[in-house]
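Visitor: Quick one: sequence plus predicted model below, questions after.
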Amino acid sequence: MSTPPPRRFWGWGREGAGPSPEQQRAIAQALAARFGLREVTITPPPLLEELRLPAPRLAPPGALAALCSTAPLDRAGHAYGKSFRDVVRALRRDFAHPPDVVAFPHTEAEVTAVLDWCAGANAAVIPYGGGSSVVGGVEPAVGARYAGAVSLDLARLDRVVEVDRTSRAARIQAGVLGPALEEQLRPHGLTLRHFPQSFEFSSLGGWIATRSGGHYATLYTHIDEFVESLRVITPAGVVETRRLPGSGAGPSPDRLFIGSEGILGVITEAWMRLQDRPRFRASAAVTFADFAAGATAARAIAQAGLYPSNCRLLDPGEATTAGAGSGGEAVLLVAFESADPELDAWMARALALAAAHGGRVPPDAGRTRRAEEGARDGAAGAWRKSFLEAPYLRDALVAMGMISETFETAVTWDRFPAFHRGVTTAAEEALRLACGAGQVTCRFTHVYPDGPAPYYTVIGPGRRGAELEQWAAIKRAASEAILRLGGTITHHHAVGRDHRPWYDRERPAGFAAALAAAKAALDPAGVLNPGVLIDPREESATRGSRARPDGDG
């Protein structure tokens, strides 16, 4: 097999992938015409030799030197995640805060040794899976409080260690990326069936630590549903939870670490619930006169207990961009898959519900097909192709000076109509003020019986040198509207550093105090991913109170 091209240190994916130079020029011309710009120039990607990285402030001890790197490529590649802000700064050749050291442990003992070293050296530790965070979750800009920052890359912990075919579960190391995980499960006829958009370049540990949302639009929407037990290395010791199909024994210890975003410990292994690989698939694209009608149909399907694998509603703008619609209609993509029964009855009922709420159903829609037998053609196939290529296109748009980013949330059905109007209006007004023009579109990524998860896409012309400020204004307006109107600041992108101002207001104060206390117990030196989920000052206050029992100083 040929070696794949190297991953980009500055943006999404591999070198040479994404729109070709000719396609980029055509896109730039189309954007200039769309937004009335005289021209759209394309910033070339940065070269490693152009970067001026600050000298490392730390050196690993001799016992760890073999698994640590201070090479410019490793440091630059671990400096950012993959958000709009990250790509803008990388294209500006701004790598002011790379990690001082990148550690690549092969074993849990080496993970422990790195944590021990960092705690003693007052070095921040940033757990790193695939680096696909879009919320500042892996950024090592930790301030002057620390002597330096170490990016702890788990890529060498990448094996499926054990398969329990009877219970349909597997013990899997946390650093394995999505494609390698599925390839190791394939000989057993099993699949985790968790496919976030970042699947190609994100890890099992990262999915668990950020409560990743996968491709399933209903039922198994988050990685939470698949976690059977965890093994976590913390500065205070190893935490390993019991393998069980379910338990009512107090608060779940697994849930403490699922979504902890690397502030409590480093997830090194997990027993994961698996599924038999699908043999049957059925899909259909139903059109609606408007987004509201499609939303009503999506709610009916979500509340019918059919649990389709896909139930994604695209507004007219989203459908047009994906090549799945004509531009004047909303499109609902419905799909089922199964390893056992054929799907005609489930699909027929879903299409009947869609038609009952104004959907136009193609006459040949929804036939059950085996495996990959044409199940992804038509509008569904066009959407899937657009979905997988979107990160590459986003980076290309950023290089053209566009404001191109997304935000996502979830809200109950009773609030959704007013919520959608309010959030869209806030984002559009902020986009107009910041950019003078642009578009806000929406799709549902997931639907629940009690509400949808709307995902908004923003595009508008940027001003060279001011793109970060423009996006910050739009993001702030949208986030304020989301919280004011009853939504969550994130459904599946995690909190990181970027969502902290709104997460601090969304979470209950009592829970914040309990989380800070848990961090103080598991990470006494406060070195794990500082600034994520908890303000470092809250951590310090909690540790200080623990050090003064009975009020004595």
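Guide: Everything's here; your move. For clarity, every value in this text was computed on a predicted model and none was experimentally measured.
Visitor: Let's check: the centremost residue of this structure is which one?
Guide: residue 493 (4.2 Å; CA atoms, centre = their mean).
Visitor: Quick check: it vs residue 208, distance?
Guide: 15 Å (CB to CB, to the nearest Å). Any C-beta I mention is one placed from the backbone N, CA and C, and that applies to glycine too.
Visitor: about what we covered before: is it correct that the residue nearest to the centre of the chain is in contact with residue 137?
Guide: No - assessed by CB atoms under 8 Å, residue 493 is found out of contact with residue 137, at 9.1 Å.
Visitor: what is in contact with those two at once?
Guide: residue 210 (CB atoms under 8 Å, 6 or more residues apart in numbering).
Visitor: helices and strands around the lengthiest helix in the chain, which ones?
Guide: With secondary structure taken from DSSP state H, the chain has its longest helix at helix 378-399. For helix 378-399, the packing partners by 3 or more CB pairs under 8 Å, 6 or more residues apart in numbering; DSSP states H and E come out as helix 21-35, helix 84-91, strand 280-288, strand 310-314, helix 316-322, strand 330-338, strand 402-408.
Visitor: what's the average pLDDT for it?
Guide: Here helix 378-399 scores 83 as its mean pLDDT.
Visitor: Show me which parts of it are buried, residue by residue.
Guide: The neighbour-count check on helix 378-399 (16 or more other CB atoms under 10 Å) flags 378-384, 386, 390-399 as buried.
Visitor: What lies in contact with it?
Guide: 11-13, 17-19, 24, 27, 31, 42-45, 82, 84, 87-88, 91, 197-198, 283-285, 310, 312, 314, 319, 321-325, 331, 333, 335, 376, 404-405, 459, 467.
Visitor: what's near enough to touch residue 534?
Guide: By CB under 8 Å, 6+ apart, the contact set of residue 534 is 263, 512, 515, 516, 519.
Visitor: Okay, buried residues for the helix or strand containing the fourth one please.
Guide: To tie it back to what came earlier, the one meant is residue 516. Per DSSP states H and E, residue 516 falls inside helix 509-522. Buried residues in helix 509-522, counted by 16+ other CB under 10 Å: 512, 515, 516, 517, 518, 519, 520, 522.
Visitor: Hmm, residue 121 is touching residue 148, no?
Guide: Yes - at 7.5 Å, residue 121 counts as touching residue 148 under the criterion of CB under 8 Å.
Visitor: any shared contact partners between the two?
Guide: Common contacts of residue 121 and residue 148, defined by CB under 8 Å, 6+ apart, comprise residue 58.
Visitor: Using JSON lines, lay out the buried residues of helix 509-522 together with pLDDT and distance to residue 225.
Guide: Below are the buried residues of helix 509-522 laid out as JSON lines (pLDDT from 0 to 100; distance: CB to CB, whole Å):
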{"residue": "512", "pLDDT": "96", "distance to residue 225": "26"}
{"residue": "515", "pLDDT": "97", "distance to residue 225": "22"}
{"residue": "516", "pLDDT": "96", "distance to residue 225": "28"}
{"residue": "517", "pLDDT": "97", "distance to residue 225": "28"}
{"residue": "518", "pLDDT": "97", "distance to residue 225": "23"}
{"residue": "519", "pLDDT": "97", "distance to residue 225": "25"}
{"residue": "520", "pLDDT": "97", "distance to residue 225": "30"}
{"residue": "522", "pLDDT": "98", "distance to residue 225": "25"}
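Visitor: Show me which of the residues you listed is closest to residue 171.
Guide: Distance to residue 171, by CB to CB, is smallest for residue 522 among those, at 22.4 Å.
Visitor: measure the residue nearest to that closest one when sequence neighbours are not counted to residue 525 for me?
Guide: Spatial nearest neighbour of residue 522, chain neighbours left out: residue 234 (4.3 Å); criterion: CB to CB, 6 or more residues apart in numbering. Shown here: residue 234 relative to residue 525, a distance of 11 Å by CB to CB.
Visitor: Would you single out the least confident of the helices and strands packed on helix 378-399?
Guide: Looking at these, the bottom one is helix 316-322 with a mean of 90.
Visitor: in that helix, what's buried?
Guide: Going by 16+ other CB under 10 Å, helix 316-322 has these buried residues: 316, 317, 318, 319, 320, 321, 322.
Visitor: residues making contact with it?
Guide: 291, 314, 325-331, 379, 382-383, 386-387, 439, 441-443, 457.
Visitor: For ChimeraX, what selects the buried ones among these?
Guide: Of the contacts of helix 316-322, the buried ones go into a single ChimeraX selection, burial set by 16+ other CB under 10 Å:
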select :291,314,325,329,330,331,379,382,383,386,441,442,443,457
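Visitor: burial measure for residue 244, as a count.
Guide: 12 (other CB atoms under 10 Å).
Visitor: what about dumping the CA coordinates of stretch 417-436 to PDB?
Guide: Provided in PDB are the C-alpha atoms of stretch 417-436 (Å, rounded to 0.1, in the frame of the first residue of the first chain):
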ATOM      1  CA  PRO A 417     -40.000  28.100  16.000                       C
ATOM      2  CA  ALA A 418     -39.200  31.200  18.100                       C
ATOM      3  CA  PHE A 419     -35.700  30.000  18.900                       C
ATOM      4  CA  HIS A 420     -34.900  29.600  15.200                       C
ATOM      5  CA  ARG A 421     -36.300  33.000  14.200                       C
ATOM      6  CA  GLY A 422     -34.400  34.700  17.100                       C
ATOM      7  CA  VAL A 423     -31.000  33.000  16.500                       C
ATOM      8  CA  THR A 424     -31.200  33.400  12.700                       C
ATOM      9  CA  THR A 425     -32.100  37.100  13.100                       C
ATOM     10  CA  ALA A 426     -29.300  37.700  15.600                       C
ATOM     11  CA  ALA A 427     -26.700  36.000  13.400                       C
ATOM     12  CA  GLU A 428     -27.900  37.700  10.200                       C
ATOM     13  CA  GLU A 429     -27.800  41.100  11.800                       C
ATOM     14  CA  ALA A 430     -24.400  40.600  13.300                       C
ATOM     15  CA  LEU A 431     -23.200  39.300   9.900                       C
ATOM     16  CA  ARG A 432     -24.600  42.400   8.200                       C
ATOM     17  CA  LEU A 433     -22.900  44.700  10.600                       C
ATOM     18  CA  ALA A 434     -19.600  42.800  10.500                       C
ATOM     19  CA  CYS A 435     -19.400  41.900   6.900                       C
ATOM     20  CA  GLY A 436     -21.900  44.000   5.000                       C
END
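Visitor: ok, residue 339 touching residue 278?
Guide: Yes - Residue 339 is within contact range of residue 278, at 5.5 Å (criterion: CB under 8 Å).
Visitor: if you count what's nearby, which of those two comes out ahead?
Guide: residue 278 (19 against 14).
Visitor: and that one, what pLDDT?
Guide: Per-residue confidence (pLDDT) for residue 278: 94.
Visitor: quick one: contacts for the nearest residue to residue 365 once chain neighbours are set aside?
Guide: Sequence neighbours aside, residue 284 is the residue nearest to residue 365 in space, at 3.6 Å (criterion: CB to CB, 6+ apart). Residues in contact with residue 284 (CB under 8 Å, 6+ apart) are 333, 334, 335, 347, 350, 351, 361, 362, 365, 366, 380.
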